[in-house]
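Asker: Return a 3D structure for these sequence lines:
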Amino acid sequence: MPPKPKFTKEEIVAAALELVSKKGIEALTARELGARLGSSARPIFTVFNSMEEVQGEVRSAALKRFEGYAEKAMHYTPVFKQVGMQMILFAMEEPKLYQLVYMSENAGATNFEGIVERLGDVAQLCVDVIQRDYSLSEKDAKALFEHVWIYTFGIGALCATGMCRFSQEEIIQMLGQDFMAMLFYAKSGRMNMPTPVPKMEK
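Answerer: This is a model prediction of the structure:
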């Protein structure tokens, strides 16, 4: 008869999430996690088969924590801009979790679509809101989301790594300017047109 788990799956994931939140994913070892639980590493493996499995659960929990930030944007207008604001706030308040969710290696993601799949329901929500609020086709809404998300991701990465610190007013201005520029581009019908490559003079 297998030993009765000393900790539940939820307790282990919660402890692992807080460990990663403070020290980063590199600190998530069996020994460190066991110490955080006030135990040896042995009880972890009565619930999980490997630390890779724990890491996967922590990534999902970190994304869920971000989704808690994103849900706050539903009470504001425009929703999409507020999602961007919440994403950057998440980067500032939870830099290690931001790095885990958005900056760790995306195995198997060879294009932007592959990355979007790792973002969960938030990505599709943003596309739906853009399409509804700005009367764009689904194709143009996805393209606009892609461009603005990359810009927003860059600001978040600068904040999460401590390279830059922006005020709320600066973030609002940056996101607003970028979004309006891309919206104008989408409305012009040029969003999905191939960009001409300039010829190099010989």
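
Asker: alpha carbons only for contacts and neighbour counts from here, please
Answerer: Will do.

Asker: can you list the weak-confidence ranges in the chain?
Answerer: Where the chain drops to pLDDT under 70, the residues are 1-4, 77, 105-120, 190-202.

Asker: where do the helices sit along it?
Answerer: Under the criterion DSSP state H, helices of the chain are mapped to 9-23, 30-36, 51-71, 79-93, 95-98, 112-117, 121-133, 138-160, 168-187.

Asker: counting contacts, what elements does the fifth one pack onto?
Answerer: If contacts are counted by 3 or more CA pairs under 8 Å, 6 or more residues apart in numbering; DSSP states H and E, helix 95-98 sits against helix 9-23, helix 79-93, helix 138-160.

Asker: same deal with the last one?
Answerer: Helix 168-187 is packed against helix 79-93, helix 138-160, with contacts defined by 3+ CA pairs under 8 Å, 6+ apart.

Asker: Can you check what angle separates it from helix 138-160?
Answerer: 160 degrees (axes from the mean of the first three to the mean of the last three CA atoms, to 10 degrees).

Asker: got the phi/psi numbers for Gly162?
Answerer: Per-residue torsions, Gly162: phi 70, psi 10 (degrees, to the nearest 10).

Asker: how many neighbours does it have?
Answerer: Residues lying near Gly162 (other CA atoms under 10 Å) number 12.

Asker: Now do it against Lys139, distance only.
Answerer: Separation of Gly162 from Lys139 (CA to CA, to the nearest Å) stands at 35 Å.

Asker: still on that earlier bit, switch the helices of the chain over to CSV; also include mean neighbour count.
Answerer: Converted to CSV, the helices of the chain look like this (neighbours: other CA atoms under 10 Å):
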stretch, mean neighbour count
helix 9-23, 18
helix 30-36, 17
helix 51-71, 18
helix 79-93, 22
helix 95-98, 26
helix 112-117, 13
helix 121-133, 17
helix 138-160, 19
helix 168-187, 14
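
Asker: Ok, which of these comes nearest Arg42?
Answerer: Closest approach to Arg42 among the helices of the chain is made by helix 30-36 (7.8 Å; CA to CA).

Asker: helices or strands next to the closest one in the packing?
Answerer: Helix 30-36 sits against helix 9-23, with contacts defined as 3+ CA pairs under 8 Å, 6+ apart.

Asker: ok now the helix it packs on, how far from the chain's centre?
Answerer: Offset of helix 9-23 from its chain centre (CA atoms, centre = their mean, to the nearest Å): 18 Å.

Asker: ok and that helix relative to helix 79-93, angle-wise?
Answerer: Going by the same axes, to 10 degrees, helix 9-23 makes 70 degrees with helix 79-93.

Asker: neighbouring contacts of helix 9-23?
Answerer: 26-28, 33, 36-37, 44, 47, 54, 57-58, 61-62, 94-97 (CA atoms under 8 Å, 6 or more residues apart in numbering).

Asker: what about 7 Å?
Answerer: When contacts are defined by CA atoms under 7 Å, 6 or more residues apart in numbering, helix 9-23 is touched by residues 27-28, 33, 36-37, 47, 57-58, 94, 96-97.

Asker: what do you get for stretch 65-84?
Answerer: With contact meaning CA under 7 Å, 6+ apart, stretch 65-84 is reached by 86, 90, 122, 126, 129-130, 152, 175.
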